[in-house]
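Enquirer: Fold the following for me, if possible:
(chains A and B)
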Amino acid sequence: QMTQSPSSVSASVGDRVTISCRASQDIATWLAWYQQRPGKAPKLLIYAASILQSGVPSRFSGSGSGTDFTLTISSLQPEDFATFYCQQSIIFPWTFGQGTRVEIK
Amino acid sequence: QVQLQESGPGLVKPSQTLSLSCTVSGDSISSDDSYWTWIRQPAGKGLEWIGRIYTSGRTKYNPSLKSRATISVDTSKNQFSLRLSSVTAADTAVYYCARDRINMVGGVIHPSLDVWGQGTTVTVSS
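Expert: Numbering: from 1, shown residues only, chains lettered A, B, ... in the order given. Below you'll find the predicted structure:
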């Protein structure tokens, strides 16, 4: 089971935003992060906990291993307002966190 | 550029079988570095992994679906499909197909859902 915090966060353009994801058991670095804008499919941001997917801006970064992980947006941009999900890929079935909504302050 | 496109009925009656297809372009469904996956999302809720298939036909499913899901592949059409039997209103959702890419990181496999279809809405109602 994957648990994200906070469930939502209000932030301004330029802010640094941090989202946490906790696994109920050790998943090493088998973790990915996705961004989902309203009405759109999720988009892969990071895999293997910290590897940036090709084409994703460098303001996104991921860290962590074991049970605790973090997604950081270093300087929030207007297009970043969306819902973010973590997902583990070591134990079947693959499971996602409940999502963290990043809203405009 | 790899693209995935879901297709199928948008309305299914309770107790019937939901059938969806996903057409892959820009990649071969027979490639040995990808699995092909179905995920769903009820309105306003989170993502649920349904299952995946490899080109060999090997599958994995989410036990929460109680054996109602079947995923198959048609290499001649470069498509894979989902069948979900005995549907109820709880199966109403946006259904996505996705490529589950096998990434090698330091000699270790790290999967990631790197390409998604746009999603198709399926409503279960009489």
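Enquirer: tell me the strands in the chain, going along the chain?
Expert: Answering for chain A, as no chain was given. Counting by DSSP state E, residue ranges of the strands within chain A are A:2-5, A:8-11, A:17-23, A:31-36, A:43-47, A:51-52, A:60-65, A:68-73, A:83-88, A:95-96, A:100-104.
Enquirer: let's do chain B instead
Expert: Listed from the start of the chain, chain B has strands (DSSP E) covering B:3-7, B:11-12, B:18-25, B:34-41, B:48-53, B:59-61, B:69-74, B:79-84, B:93-105, B:108-116, B:120-124.
Enquirer: Can you give the strand pairings for the first one, parallel or anti for each?
Expert: If you go by DSSP bridges, strand B:3-7 pairs up with strand B:18-25 (antiparallel).
Enquirer: next one: the second one
Expert: Strand B:11-12 has the following sheet partners, assigned by DSSP bridges: strand B:120-124 (parallel).
Enquirer: Report the buried residues of the strand it pairs with.
Expert: Residues B:120, B:122, B:124 are the ones in strand B:120-124 that count as buried (16 or more other C-beta atoms under 10 Å in any protein chain shown). To be clear about C-beta, it is placed using only N, CA and C from the backbone, and glycine gets the same treatment.
Enquirer: hang on, the earlier thing: pick the most buried one from the strands of chain A.
Expert: Among those, ranked by average contacts under mean count of other C-beta atoms under 10 Å in any protein chain shown, first place goes to strand A:31-36 (a mean of 26).
Enquirer: report the angle between the axes of that one and strand B:34-41?
Expert: Going by axes from the mean of the first three to the mean of the last three C-alpha atoms, to 10 degrees, strand A:31-36 is angled at 50 degrees with respect to strand B:34-41.
Enquirer: pLDDT score assigned to the residue of chain B most remote from its centre?
Expert: Outermost residue of chain B with respect to the C-alpha centroid, by C-alpha atoms, centre = their mean, is B:G106; its distance is 28.5 Å. Among the per-residue scores, B:G106 shows a pLDDT of 88.
Enquirer: ok, the residue nearest the centre of chain B - contacts?
Expert: Most central residue of chain B, judged by C-alpha distance to the mean C-alpha position with C-alpha atoms, centre = their mean, is B:W38 at 1.9 Å. Shown here is B:W38, whose contacts under the criterion C-beta atoms under 8 Å, 6 or more residues apart in numbering or on different chains are B:20, B:22, B:50-52, B:69, B:71, B:82, B:95-98.
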